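S.K.: Any chance you could fold what I've pasted below:
(chains A and B)
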There are 2 protein chains.
Amino acid sequence: MSAARFPAEALSAFSEAALRAAGADAPSARDATRAMLHASLHGIDSHGFRLLPHYCRAIGEGRVNGRPSPRFRSTRAGSGIVDADDGHGARGTYLAAAHAVELARASGVAAVAVVRSSHFGAAGAYALEIAREGLFGMVVCNSDAFVRLHEGAERFHGTNPIAAAAPTPGRPWLLDMATSAIPFNRVKLAQSLGLSLPEGTASDENGRDTTDPARVAMLAPLGREQGYKGAGLAGLAEVLSAVMTGMRLSPEILPMLGPDWSTPRRMGAFVLAIDPAAFAGAEAFLEGMGRYLSLLRGSRPAEGGRVLAPGDREWEEAARREREGVPIDPDTLASMQEIAAAASIEMPAAMTGTP
Amino acid sequence: MSAARFPAEALSAFSEAALRAAGADAPSARDATRAMLHASLHGIDSHGFRLLPHYCRAIGEGRVNGRPSPRFRSTRAGSGIVDADDGHGARGTYLAAAHAVELARASGVAAVAVVRSSHFGAAGAYALEIAREGLFGMVVCNSDAFVRLHEGAERFHGTNPIAAAAPTPGRPWLLDMATSAIPFNRVKLAQSLGLSLPEGTASDENGRDTTDPARVAMLAPLGREQGYKGAGLAGLAEVLSAVMTGMRLSPEILPMLGPDWSTPRRMGAFVLAIDPAAFAGAEAFLEGMGRYLSLLRGSRPAEGGRVLAPGDREWEEAARREREGVPIDPDTLASMQEIAAAASIEMPAAMTGTP
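M.R.: Model (predicted):
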């Protein structure tokens, strides 16, 4: 069954209306929608509008404060803390990114910790905002335990993403990666399609490799035999987003999928901005990024392969989806129809024709 | 053939004397030795005293300025640049780490770019200095092209390490990883022992996987099927250490192993320090790191496995080598004997008995 496709603007309008109906104030609905739109446009469907029903429930049942008063305070010339007031993660983290940019322009480099936050979607959305302002951005967060340690047999870290973005003469360089080998979505997809998983990417309840999606109890850290590197990178995200902020460690975070939907999850995130003007200079940085990407994209591919820079595939997908619409999977579509009926919101009109 | 073992202090004294004889001033000999000692003690032999003959040659033939005047200038409240004056990478990078700590204590977070630098050894040595001062440290650098891109068939990035370190109630948490799947040393070791390499870690001249060390023309990025993550992380190191500093990109760096030993290599590095006192607070950070490591080390291992925190294995090895001496491989030992004879320096006395 092929997915229905919708214009991005129509999905965004529906998302804002649905979040408002669930109890979100205008800035929260705007920021959560913006983060989902980023993911849906760039092909990261796991963090796109698929999350809308989840966010509506989290706001409706009280886990996420729909009307937060996020507060920023600067602690030193290059540092600050955003208290997200248990609001949506996007609300606090976009605010943190904006303050990090402002502080970094004055101090050269700046970091803003986000405290009392919640699930924020794709980390790359916030790093990208910093790159759009001409600075290098890096954003990390942790999440509830889903990934074993190297040689471990228990869920420990979350998929703990590391995102980084940099301005270039063209579209930003954009790295946004989970520190697990694969996302859990890949497991669900393999299961529904009757496919096997790649070796060494997921494990059974005893921490042994399994390629059978039905037997997956946890994900493996990135790197297989070098899984200590993936687990170490998850740790880097953990130390900055949970320990540096004083928020919950991955094994302490209440599960994203319930059963508790009313207790705030006390998640942290960490946002870093570096102003090239304080180092090589803004122009030299752009020139260097252009030279780097030109060399990279010109590097000889293996037979049948294609060499891409981080973000290239996502920018291509965004251009396609701007033209052809954003696909919405059947389960998400059904949830949207329920929301539309319950809150008397009009469903967006699907695009017609074969893309 | 088992390696000869030497007391760390005796090796350090020999190293300083050899570097001085090659033309290094006292601070350069001290810092280069300190970086090699860090690696040799912690079991990272690829970056330990094995590099001493290499560094002596680089200084002797002019590639590395043995008597540099490294200069630091602060560019903003939280940023600065160390011009390493083409000296040894350790000289400029220890200086950068010290300034990053000082700036971060005032600004909350600080970054120092190192320009006109050279090979600095193990990145973890510098991140660790920051952690010893009670701050979170992160250090990246690039190096000459040795690692293909994802789906690539050409050496592009260096092994571009990412190192991070954090203070804890005990020994620092210490992550120091190449963004390639394996180090080139592992290839050489497999070849000399007649062993195969793990699948997906190295490639032949066409970028195809090979497990035969004799056919290895380049290393693979970390992650195998997810090699775009390893290549992306190499890019993160590249952007900060080469583009942000205005220094050479990996494919532009003169090869470490010659034939040119007289031209400075114009390498960059990037050092970041984050003061927990500007975020959760120094005490809360230590408490959080203690809780994190306790949960991590208590996480259930897979059968026959062992769960470790980044650095645990290295600290164990350091304790062992403090007691039993640092092993020196036969090739390095022969080079040391040549240096000793040529410069009339006394060889250190090997330890006797079976450890």
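
S.K.: which parts of the stretch 51-200 of chain A sit against chain B?
M.R.: Within reach of chain B by Cβ under 8 Å from any Cβ of the partner chain, the stretch 51-200 of chain A has these residues: A:75-81, A:106-111, A:113, A:136, A:138, A:148-154, A:156, A:162, A:164, A:166, A:173, A:175, A:177, A:181-182, A:198, A:200. The C-beta positions use only the backbone N, C-alpha and C, and glycine is treated the same way.

S.K.: By mean pLDDT, which helix or strand of chain A comes out lowest?
M.R.: helix A:184-193 (a mean of 86; mean pLDDT, DSSP states H and E).

S.K.: Show me how far that helix is from its chain's centre.
M.R.: When C-alpha coordinates are averaged (Cα atoms, centre = their mean, to the nearest Å), helix A:184-193 and its chain have centres 19 Å apart.

S.K.: For it, which residues meet the burial criterion?
M.R.: If you call a residue buried by 16 or more other Cβ atoms under 10 Å in any protein chain shown, then helix A:184-193 has these buried ones: A:184, A:186-187, A:189-190.

S.K.: Read off the pLDDT value for A:Ala97.
M.R.: On pLDDT, A:Ala97 comes in at 98.

S.K.: need the strands for the stretch 1-150 of chain A, in chain order.
M.R.: For the stretch 1-150 of chain A, strands defined by DSSP state E, counting those that start in this stretch occupy the ranges A:4-6, A:71-76, A:79-83, A:109-117, A:136-141.

S.K.: would you turn these into a markdown table with mean pLDDT?
M.R.: Converted to a markdown table, those look like this (pLDDT from 0 to 100):
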| stretch | mean pLDDT |
| --- | --- |
| strand A:4-6 | 96 |
| strand A:71-76 | 98 |
| strand A:79-83 | 98 |
| strand A:109-117 | 98 |
| strand A:136-141 | 98 |
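
S.K.: Would you confirm that A:Pro27 contacts A:Arg91?
M.R.: Yes. If you go by Cβ atoms under 8 Å, A:Pro27 and A:Arg91 touch, sitting 6.2 Å apart.

S.K.: the more surrounded of the two?
M.R.: A:Arg91 (31 against 17; other Cβ atoms under 10 Å in any protein chain shown).

S.K.: Next up, the contacts around that one.
M.R.: Applying Cβ atoms under 8 Å, 6 or more residues apart in numbering or on different chains to A:Arg91 gives the contacts A:27-28, A:31-32, A:68, A:70, A:84.

S.K.: Sort out for me which of those are in helices.
M.R.: A:27-28, A:31-32 (DSSP state H).

S.K.: circling back: of all the contacts of A:Arg91, which two lie farthest apart?
M.R.: Greatest spatial distance in the contacts of A:Arg91: A:Ala32 and A:Pro70, 13.0 Å, computed using Cβ to Cβ.

S.K.: Looking at these two, which one has more neighbours?
M.R.: More crowded of A:Ala32 and A:Pro70, by other Cβ under 10 Å: A:Ala32, with 33 against 24.

S.K.: Pretty sure A:Thr93 is one of the things that one touches, is it not?
M.R.: No. A:Ala32 is beyond contact range of A:Thr93, at 10.6 Å (criterion: Cβ under 8 Å).

S.K.: returning to what we had before: filter the ones in helices among the contacts of A:Arg91 by proximity to chain B?
M.R.: Within the set of the ones in helices among the contacts of A:Arg91, contact with chain B (Cβ under 8 Å from any Cβ) is found for no member.

S.K.: From these, pick the one nearest B:Arg63.
M.R.: The shortest approach to B:Arg63 among the ones in helices among the contacts of A:Arg91 belongs to A:Asp31, at 51.8 Å (Cβ to Cβ).

S.K.: Can you name the residues of the stretch 251-355 of chain A that neighbour chain B?
M.R.: Residues of the stretch 251-355 of chain A lying close to chain B by Cβ under 8 Å from any Cβ are A:251, A:272, A:274-276, A:278-281, A:284-285, A:288-289, A:291-292, A:295-296, A:299-303, A:305-310.

S.K.: Of those residues, which belong to strands?
M.R.: When DSSP state E defines the strands, the subset of those inside them is A:272, A:274.

S.K.: all strands of the stretch 151-300 of chain A, in order?
M.R.: With DSSP E, counting those that start in this stretch, the ranges of strands along the stretch 151-300 of chain A come out as A:162-166, A:173-177, A:202-203, A:218-219, A:267-274.

S.K.: Helices of chain A, residue ranges please.
M.R.: Here chain A has its helices, by DSSP H, at A:8-22, A:26-41, A:52-60, A:89-107, A:124-132, A:184-193, A:227-238, A:282-297, A:312-324, A:330-343.

S.K.: Comparing the ones you listed, which yields the minimum mean pLDDT?
M.R.: Here the lowest mean pLDDT among the helices of chain A goes to helix A:184-193, at a mean of 86.

S.K.: returning to what we had before: show me which of the residues of the stretch 251-355 of chain A next to chain B are buried.
M.R.: Buried members of these, scored by 16+ other Cβ under 10 Å, are A:251, A:272, A:274-276, A:278-280, A:284-285, A:288-289, A:291-292, A:296, A:299, A:301-302, A:305, A:307-310.

S.K.: Residue of the stretch 101-250 of chain A closest to chain B, please.
M.R.: Closest contact between the stretch 101-250 of chain A and chain B, by Cβ to the nearest Cβ, is at A:Gly108 (2.5 Å).

S.K.: Leaving out chain neighbours, which residue sits closest to the residue of the stretch 201-350 of chain A found nearest chain B?
M.R.: Among the residues of the stretch 201-350 of chain A, A:Gly305 lies nearest to chain B; the distance is 3.0 Å by Cβ to the nearest Cβ. In space, and not counting its chain neighbours, A:Gly305 is closest to B:Glu151: 3.0 Å by Cβ to Cβ, 6 or more residues apart in numbering or on different chains.

S.K.: give the contact list for the residue of chain A positioned farthest from its centre.
M.R.: Distance from the C-alpha centroid of chain A, by Cα atoms, centre = their mean, peaks at A:Glu303 (32.2 Å). Applying Cβ under 8 Å, 6+ apart to A:Glu303 gives the contacts B:153, B:206-208.

S.K.: Kindly indicate which of the buried residues of helix A:184-193 lies nearest B:Ala98.
M.R.: For the buried residues of helix A:184-193, the nearest to B:Ala98 is A:Phe184 (43.0 Å; Cβ to Cβ).

S.K.: can you list the domain ranges for chain A.
M.R.: With domains defined by automatic domain parsing, chain A comprises A:1-60+A:325-355, A:69-180+A:221-311.

S.K.: So which of those domains is the most surrounded?
M.R.: Most buried of the domains of chain A by mean neighbour count (mean count of other Cβ atoms under 10 Å in any protein chain shown) is domain A:69-180+A:221-311; its value is a mean of 24.

S.K.: Just the endpoints, please. Distance across that one?
M.R.: Counting by Cα to Cα, to the nearest Å, you get 33 Å between the two ends of domain A:69-180+A:221-311.
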